[in-house]
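J.: show me how the following folds:
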Amino acid sequence: MHSITYSLWKLAQRLGVLFHFEQKAERILVEKGIAVGIQVNGIKVEADKIVSNMDVFPSYRQLMPDQKAPEKTLAQERSSSALIFYWGIKKSFQELDLHNILFSDDYPGEFKALFEEKTLHPDPTVYINITSKEEASDAPLGCENWFVMINAPGDYGQNWEELKQQARKNILEKLSRVLGCDIEPLIQTEFTLDPPGIQDATSSYRGALYGAASNDRMAAFLRHPNFSSKIRNLHFCGGSVHPGGGIPLCLLSARITADLIPTPNPISA
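T.: Below you'll find the model as predicted:
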């Protein structure tokens, strides 16, 4: 996934695109129903077209608080989130591969906890990704880098510190039982990412991984389109708008948005 981002960045650079990193967009500037630029560090940057790949909810609430928002669209149920533990493990496990899934013994109970009770199940399905299985340089010799993820509800004000501690305990007990080895003493480094952290890092409302939930066959048609019908020259792309969440659909969203924006005629030499 990182190589996709890197390749697109290098391609854009070859095409003459200028990137301004670590510059926070504070506002999308709209004048008389037309998007005319953005505000960055209090400075107006004019543009002919504006594309927001931020979650559509904060795009309106934070970047355009003075504009009328599509309230029905923004009120849609959000997708689930995730709780992720990044562990540096001081051991190599031959029984594990690049991708590993340990399923819950109570799948219905897990889904009820996530979607009805908005909490974590005591026996969660655990996904473990270990990239050092393919790229040995991703971890020191004899060690592994574990990306340990479980499904989580979005952030609705739960006590995440308490939930994280309990989830960590349950996950470690499950892994230790399955692998026949006490895992906790092997953790040399650790970083945790919860739904509030995902929201802070990515501006994804409630930490949702896929924007609006896709719980019925009409969900894709109810997503916010890749353009604004109220504000000219304003477009959107990413997992919170059409056609949906996930890496392939996010890339397709970008392609759709790019096709909506006419390419300027080249200037003849």
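J.: enumerate every residue touching the most centrally placed residue in the chain.
T.: For the chain, the residue nearest the mean C-alpha position is Leu209 (4.7 Å; C-alpha atoms, centre = their mean). By C-beta atoms under 8 Å, 6 or more residues apart in numbering, Leu209 lies in contact with Ser79, Ser80, Ser81, Ala82, Ile198, Gly239, Gly245. C-beta coordinates here come from the backbone N, C-alpha and C atoms, glycine included.
J.: let's see that with 6 Å instead.
T.: Ser79, Ser81 (C-beta atoms under 6 Å, 6 or more residues apart in numbering).
J.: so how far is Gly180 from it?
T.: 32 Å (C-beta to C-beta, to the nearest Å).
J.: for Gly245, same thing?
T.: Distance, Gly245 to Gly180, using C-beta to C-beta: 37 Å.
J.: those two - which one has more neighbours?
T.: Gly245 (22 against 7; other C-beta atoms under 10 Å).
J.: tell me the SS of the nearest residue to the more buried one once chain neighbours are set aside?
T.: Leaving aside its sequence neighbours, Gly245 sits nearest to Tyr210 (C-beta to C-beta, 6 or more residues apart in numbering; 2.7 Å). Using DSSP: H, G, I helix; E, B strand; the rest coil, the structure places Tyr210 in coil.
J.: and Tyr210, what's its pLDDT?
T.: Looking at Tyr210, its pLDDT stands at 92.
J.: I'd say it and Ser81 touch.
T.: No. In this structure, Tyr210 is not within contact of Ser81 by C-beta atoms under 6 Å, at 9.4 Å.
J.: the two: which has the busier surroundings?
T.: Per other C-beta under 10 Å, whichever of Tyr210 and Ser81 has more neighbours is Ser81, with 25 against 19.
J.: got a list of what the more buried one touches?
T.: Listed by C-beta under 6 Å, 6+ apart, the contact set of Ser81 reads Ala152, Gly154, Pro195, Gly207, Ala208, Leu209.
J.: ok, Pro243 to Ser52 distance?
T.: Distance of Pro243 to Ser52, given as C-beta to C-beta: 17 Å.
J.: for these two, indicate the residue with more neighbours.
T.: The neighbour count for Pro243 versus Ser52, taken as other C-beta under 10 Å, is higher for Ser52 (24 against 16).
J.: OK, contacts around that one?
T.: By C-beta under 6 Å, 6+ apart, Ser52 lies in contact with Ser59, Phe236.
J.: run the last query once more with 7 Å
T.: Contact analysis of Ser52 by C-beta atoms under 7 Å, 6 or more residues apart in numbering lists Ile28, Ser59, Leu63, Phe236.
J.: likewise for Leu83?
T.: Taking C-beta under 7 Å, 6+ apart, one finds Leu120, Ile150, Ala152, Lys164, Ala167, Asp194 in contact with Leu83.
J.: with Leu74 instead?
T.: Leu74 neighbours (C-beta under 7 Å, 6+ apart): Phe57, Tyr60.
J.: that one and Asp216: what is the separation?
T.: The gap separating Leu74 from Asp216 is 18 Å, by C-beta to C-beta.
J.: for Asp105, same thing?
T.: According to C-beta to C-beta, Asp105 stands 28 Å off from Asp216.
J.: do the same with Leu260
T.: In terms of C-beta to C-beta, Leu260 sits 26 Å off from Asp216.
J.: same drill for the two, tell me which one is more crowded.
T.: Using other C-beta under 10 Å, the more surrounded residue of Leu260 and Asp216 is Leu260, with 14 against 9.
J.: A strand includes Trp87, no?
T.: Yes. Looking at Trp87 with three-state DSSP, it is inside a strand.
J.: shouldn't it be in contact with Val148?
T.: Yes. Contact criterion C-beta atoms under 7 Å: Trp87 and Val148 qualify, at 6.2 Å.
J.: gap between the helix or strand bottoming out on mean pLDDT in the chain and the chain center?
T.: Least confident helix or strand, the chain: helix 219-222 with a mean of 78, by mean pLDDT, DSSP states H and E. Its chain's average C-alpha position is 19 Å from that of helix 219-222, according to C-alpha atoms, centre = their mean, to the nearest Å.
J.: over to stretch 90-102?
T.: 25 Å.
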